[in-house]
Structures are given as structure tokens and as C-alpha cells.
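Participant: 3D, please:
(2 chains)
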Amino acid sequence: KNQVEQSPQSLIILEGKNCTLQCNYTVSPFSNLRWYKQDTGRGPVSLTIMTFSENTKSNGRYTATLDADTKQSSLHITASQLSDSASYICVVSVGGGGNKLTFGTGTQLKVEL
Amino acid sequence: GAVVSQHPSWVICKSGTSVKIECRSLDFQATTMFWYRQFPKQSLMLMATSNEGSKATYEQGVEKDKFLINHASLTLSTLTVTSAHPEDSSFYICSARHSGRIRTDTQYFGPGTRLTVL
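Facilitator: Numbers count the residues shown, from 1 in each chain, chains lettered A, B, ... in the order given. Model (predicted):
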């Protein structure tokens, strides 16, 4: 069964600190992996996308890594800001032309002063 | 670029009425759009895949007669919740697959529609 698990479930950090979110998946065949940021009451917004051959991708203060061998990904947020408070969702696309996305349950991040 | 809009952003209706939600790709064509439902503190759950000019494909457990989907053009898909009940209250999100970016299977999400059925 295709699954995406994220940890931690929730996280509180102080403004300016760094943090790392984890994603483990068992999706097969693998097509690509995305990290999304979802603000409360809003739709998800794409942060990064990585295919099988890519092991790191940056978007400003967000850096995602991918280890296709161990089927793990991480999202590192540098110098966090209050506006980073949101749910971060790891999404893995199933290959084979099915266009199916498997969503993680998300990590709820809260950045405090 | 690649903006997806939804209308309305929120709606409150009485039990038994029908509600239509629109999903539009504003600056690109989307032969395929997806409808998701998200309950509080849960992940997005795919309800159906909407293909322009053909019938939608529904996920297991989703009633096609209750959730009517129409994808009449390359930029518009609609979801109609018929005879809505309080248990249909949820956050409905659509996404549009960019026709020109099939290789990366890029989906762009709308901002969501909050449905509350009284």
C-alpha cells in the first residue's frame, strides 16, 4: 500500500531558529516528491519538487533533500519567520502515468516570538 | 503563472440544498482537474479526477450521484454537492494539471472552498 508518513506531527520553534521536517514513503513506482506549504484555510502551495535523480532542491529558505534508496525526504527551514507557521505536506507522485498523488498527513509548524 | 481559483471561497447552506463550486485555471489549460476534500487536521483526500469532455473518475467510496462533476472546458471544472447534509461540511480543494507540463505531472491547487451545511 502506498503510504507517506511525516514527522513530527507538530512542532513549535522560536523565530529565527532552523528546523527539519521528515518524510518517509513507501510509494511505488516513484515519480516525484513535492513539499507543499498549506496555510490554515488555504490550498497547498508548492515549495519544491524532486525527481528520482535529484537529491536536493532549494527554494529560498527552504531546502528539501531526497534519498531515493532509503525512501526518505526532509525539508529544512532556515531562519524561521512567523509567516512560516503552517502545515507542511509531503506529497509523492505515483509513476506509471497514473498521476496519483499520495499525501502525507502533514507537520503543523508554529513559529513563535 | 499557473494560478487556480475557486469560487466561492466559503458557502453556508441549508441541509437538502445543492451547492456548486467552481474551479478555474486562470492562465493555463488543464485537461485534467482533481477534486479533494479535507477534514480538520487531516490530509487531502482525492474524491475524483475530472477530464475535459469526458466523465469524471471517482475514488472508491465517493458517490458520483451526490458529487456531480462537470469539466466542460480546458479552464473550468465544477463540483456540485447535491442534497447536502451536515456531514458534507468540509474544505473542498481543486487542483489543475498543467497540460503543458505533463512530464512532471504538475498540479496546481486552488485556495479551497469551505462548505458548511446547517
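Participant: what's the neighbour count on residue 18?
Facilitator: Since no chain was named, I'll use chain A. 11 (other CB atoms under 10 Å in any protein chain shown). C-beta coordinates here come from the backbone N, C-alpha and C atoms, glycine included.
Participant: The intended chain is chain B.
Facilitator: Neighbours around B:Ser18, by other CB under 10 Å: 12.
Participant: Now it: closest residue in space, sequence neighbours ignored.
Facilitator: Nearest residue to B:Ser18, sequence neighbours excluded (CB to CB, 6 or more residues apart in numbering or on different chains): B:Thr82, at 4.7 Å.
Participant: just the strands in chain A please.
Facilitator: Along chain A, counting by DSSP state E, strands occupy A:4-7, A:10-14, A:19-25, A:30-38, A:45-51, A:56-59, A:62-67, A:72-77, A:86-94, A:101-103, A:107-112.
Participant: so does the shortest one get close to chain B?
Facilitator: What it means is strand A:101-103. Yes. Remark: strand A:101-103 sits within contact range of chain B at A:Leu101, A:Phe103, by CB under 8 Å from any CB of the partner chain.
Participant: Name the strands paired with that strand and say parallel or antiparallel.
Facilitator: Partners of strand A:101-103 in the sheet, by DSSP bridges, are strand A:86-94 (antiparallel).
Participant: ok, now the last one?
Facilitator: Strand A:107-112 has the following strand partners under DSSP bridges: strand A:10-14 (parallel), strand A:86-94 (antiparallel).
Participant: Just say which of those strands is most tucked in.
Facilitator: strand A:86-94 (a mean of 23; mean count of other CB atoms under 10 Å in any protein chain shown).
Participant: Next, the angle from it to strand A:45-51.
Facilitator: 40 degrees (axes from the mean of the first three to the mean of the last three CA atoms, to 10 degrees).
Participant: Give me the contact list for strand A:86-94.
Facilitator: Strand A:86-94 is contacted from outside by A:2, A:4, A:6, A:21, A:23, A:25, A:27-40, A:44, A:47, A:73, A:75, A:99-109, B:43-44, B:105, using CB atoms under 8 Å, 6 or more residues apart in numbering or on different chains.
Participant: next one: that strand to chain centre, how far?
Facilitator: 5 Å (CA atoms, centre = their mean, to the nearest Å).
Participant: Likewise for stretch A:101-113?
Facilitator: 8 Å.
Participant: Please spell out which residues along it are buried.
Facilitator: A:Leu101, A:Thr102, A:Phe103, A:Gly104, A:Thr105, A:Gly106, A:Thr107, A:Gln108, A:Leu109, A:Val111 (16 or more other CB atoms under 10 Å in any protein chain shown).
Participant: and it, C-alpha only, in PDB?
Facilitator: This file holds the C-alpha atoms of stretch A:101-113, laid out as PDB (Å, rounded to 0.1, in the frame of the first residue of the first chain):
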ATOM      1  CA  LEU A 101      -0.700  11.800  -5.500                       C
ATOM      2  CA  THR A 102      -0.200  10.200  -2.100                       C
ATOM      3  CA  PHE A 103      -0.400  12.800   0.600                       C
ATOM      4  CA  GLY A 104       1.300  12.800   4.000                       C
ATOM      5  CA  THR A 105      -0.700  13.900   7.000                       C
ATOM      6  CA  GLY A 106       1.500  17.000   7.300                       C
ATOM      7  CA  THR A 107       3.600  18.600  10.000                       C
ATOM      8  CA  GLN A 108       2.000  21.500  11.800                       C
ATOM      9  CA  LEU A 109       4.700  24.100  12.400                       C
ATOM     10  CA  LYS A 110       4.200  27.100  14.700                       C
ATOM     11  CA  VAL A 111       6.800  29.800  14.900                       C
ATOM     12  CA  GLU A 112       6.700  31.900  18.000                       C
ATOM     13  CA  LEU A 113       8.400  35.100  19.200                       C
END
